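**Q** Here is my input, please return the structure:
(2 chains)
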Amino acid sequence: MHHILKGMRFAIQKRMKNTLGRAGALETAHGVIETPAFVAVGTKATVKALTSEQIKEIGVPVVFGNTYHLYLEPGETVIKKAGGLGKFMGWSGPTMTDSGGFQVFSLGAAYGKTERSKIATHLQHTNKLENVGMLSEGVLAKIDEGGVTFKSYKDGSTHRFTPERSIEIQHAIGADIIFAFDECTSPEAPLQYQREAMERTHRWAERSLREHRRLFSNSHELENKDTQTLFGIVQGGRFEKLRKESARVIGKMELVQPDGSRCGFDGFGIGGSFEKEDIDTVLDWVNSILPEEKPRHLLGIGEPLDLFGAVENGCDLFDCVAPTRRARNGSLYTSRGLIAIENARYKNDFTPIETSCGCYTCKHFTRAYLSHLFRSKEILSNTLASIHNLYFIIHLVRRIQETILEGNFARFKEDFLSGYQG
RNA sequence: GCGCAGGUGGCAGAGUGGUCAAUUGCAUCAGACUGUAAAUCUGACGCCCUUCGGGCUACGCAGGUUCAAAUCCUGCCCUGCGCA
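**A** The predicted structure is shown next:
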């Protein structure tokens, strides 16, 4: 039985002048994503504190689950039996899964570090390989050529991910867009290690692609498997030479199919670690090389101010835990910058978080109420704050998309930046 | 009235002669958070001086012992429990 692989349709509708930015539309089996778009992170098949009904109302275009976490619990077979990630969580829109590559970093090199951000602000570069922490005691992830051996952060049990296993799990989970298994390195990793890791990530990318195709050709279940698409991930840290090399290798990586046709990745993830100031530069290097007709997902970024630069430098999709995590920690977005809702000054502030905001929270509740919910640790605080923050960031990116189409992105950016204190 | 237990920083509650301006939790006041080990984490928290550091006042009240007391002694005040 031979299926024609539909592949993913991505249409660029408008390109910005003098930058790499563009607006487009990405078609999935569960709906069209207008890009640029912000992807809501739903690691464990839940956008924390929100129901699928709520995320739909907020306007979330895609939900981003995590292979490692879903594999640990409830296990991919449960999700497969449920009918896939979307059905499992009662979400009818598009879904994506991360490959588990980020956990190589957060459970490996970053494990136990007070500073475990992938965004470095005060980097102390080193040339010592041991700083990567790949083999040290207590670390929960160990990397070798074949894959990564993990210890569960939950019960300490040992598990192993290979590119093939990650893809197999992602097929079972069944998201519309899945990612190749990669290694996200520490921002502190030296050039030599970054090169090693990048080259390994390239070999893993090819194995991921091969396994993805193999599972398709072996599959007797039609379902919607032939609509699942795979993104390859560009790495290379903060090094120009590596980033460009990675973009070239991943961008043109292809397999020859048994029928003679060639297939590469359906889109690209841009991963890894950055110094805050370098993000735009790195994106410019990478996106000038990646095939422009395919979508690019900037992994794990970002904050409002990061998004403008990322869009101008050619990215189409973004996911970030910031809005939901910040929300749960009482840090709320406003057009003038973040506010810490628990601060004493909001105890008697009976205005909404943002008067002009159209979200459910702002339409019904005051800062004083939110402040009270957080201070008294009421569970509703998480939900109301998450609704607001997600709405804020999703609509910010939606405005970006609209203004690109309308041709006044530059104006919108200027207006936003003039008000927002980062 | 008698017996027993006890009075410590906003609260709870450690400490029971020096290393105590005093453990810890809560509360309070700030800060952090970027492919979620995160409803988490960090810091400050008697007063004064510029940070290091230094000075001052403190463990119910008043005296005392001692080189040295939140810690020992005496008296007083107060609280809880039990007995009359």
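**Q** for whichever strand or helix holds residue A:389, the distance to its chain's centre please.
**A** Using DSSP states H and E, residue A:389 sits in helix A:380-406. The chain centre lies 16 Å from the centre of helix A:380-406; the measure is Cα atoms, centre = their mean, to the nearest Å.
**Q** go on, stretch A:283-303?
**A** With Cα atoms, centre = their mean, you get 12 Å for stretch A:283-303.
**Q** Would you tell me whether that stretch gets close to RNA strand B?
**A** Yes: using Cβ under 7 Å from any atom of the strand, stretch A:283-303 reaches RNA strand B at A:299-303. All C-beta atoms are positioned from the backbone trio N, CA, C, and that covers glycine.
**Q** so can I have CSV of those residues showing pLDDT, distance to residue A:207 and secondary structure?
**A** Converted to CSV, those look like this (pLDDT from 0 to 100; distance: Cβ to Cβ, whole Å; DSSP: H, G, I helix; E, B strand; the rest coil):
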residue, pLDDT, distance to residue A:207, secondary structure
A:299, 97, 19, coil
A:300, 96, 23, coil
A:301, 95, 26, coil
A:302, 88, 29, coil
A:303, 96, 34, coil
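**Q** does any part of the helix holding residue A:389 sit near RNA strand B?
**A** Yes: using Cβ under 7 Å from any atom of the strand, helix A:380-406 reaches RNA strand B at residue A:382.
**Q** residues of that helix that come out buried?
**A** Across helix A:380-406, burial judged by 16 or more other Cβ atoms under 10 Å covers A:381-398, A:400-401, A:403-404.
**Q** Check stretch A:256-270 too.
**A** A:263-270.
**Q** Closest one to RNA strand B out of those, please.
**A** residue A:269 (5.3 Å; Cβ to the nearest atom of the strand).
**Q** Doesn't the closest one lie inside a strand?
**A** Yes: according to DSSP: H, G, I helix; E, B strand; the rest coil, residue A:269 belongs to a strand.
**Q** Name the residues linked to it by a beta bridge.
**A** residue A:233, residue A:297 (DSSP bridges).
**Q** What pLDDT does the model give it?
**A** On pLDDT, residue A:269 comes in at 98.
**Q** Would you enumerate the residues in contact with it?
**A** Counting by Cβ atoms under 8 Å, 6 or more residues apart in numbering, residue A:269 makes contact with A:179-180, A:182, A:231-234, A:296-299.
**Q** try 10 Å
**A** Counting by Cβ atoms under 10 Å, 6 or more residues apart in numbering, residue A:269 makes contact with A:96, A:98-99, A:101, A:177, A:179-180, A:182, A:231-235, A:250, A:295-300, A:317, A:319.
**Q** OK, contacts around the residue nearest to residue A:317 when sequence neighbours are not counted?
**A** Take residue A:317 and drop its neighbours on the chain: the residue closest to it by Cβ to Cβ, 6 or more residues apart in numbering is residue A:297, 3.9 Å away. Taking Cβ under 10 Å, 6+ apart, we find residue A:297 in contact with A:26, A:35, A:37, A:39, A:62, A:64, A:96, A:98, A:177, A:179, A:231, A:233, A:267-271, A:315-319.
**Q** just checking, residue A:29 touches residue A:227?
**A** Yes: using Cβ atoms under 10 Å, residue A:29 is in contact with residue A:227, at 4.0 Å.
**Q** For the stretch 251-400 of chain A, what lies in contact range of RNA strand B?
**A** Going by Cβ under 7 Å from any atom of the strand, the residues of the stretch 251-400 of chain A near RNA strand B are A:269, A:271-272, A:276, A:299-303, A:306, A:319-322, A:324-326, A:328-331, A:340, A:342-345, A:347, A:375, A:377, A:379, A:382.
**Q** can you give me the helices for the stretch 201-350 of chain A?
**A** Assigned by DSSP state H, counting those that start in this stretch, the helices in the stretch 201-350 of chain A fall at A:240-252, A:279-287, A:304-312, A:322-328.
**Q** actually the stretch 1-150 of chain A, not the one I wrote
**A** A:52-58, A:67-72, A:76-82, A:85-88, A:101-104.
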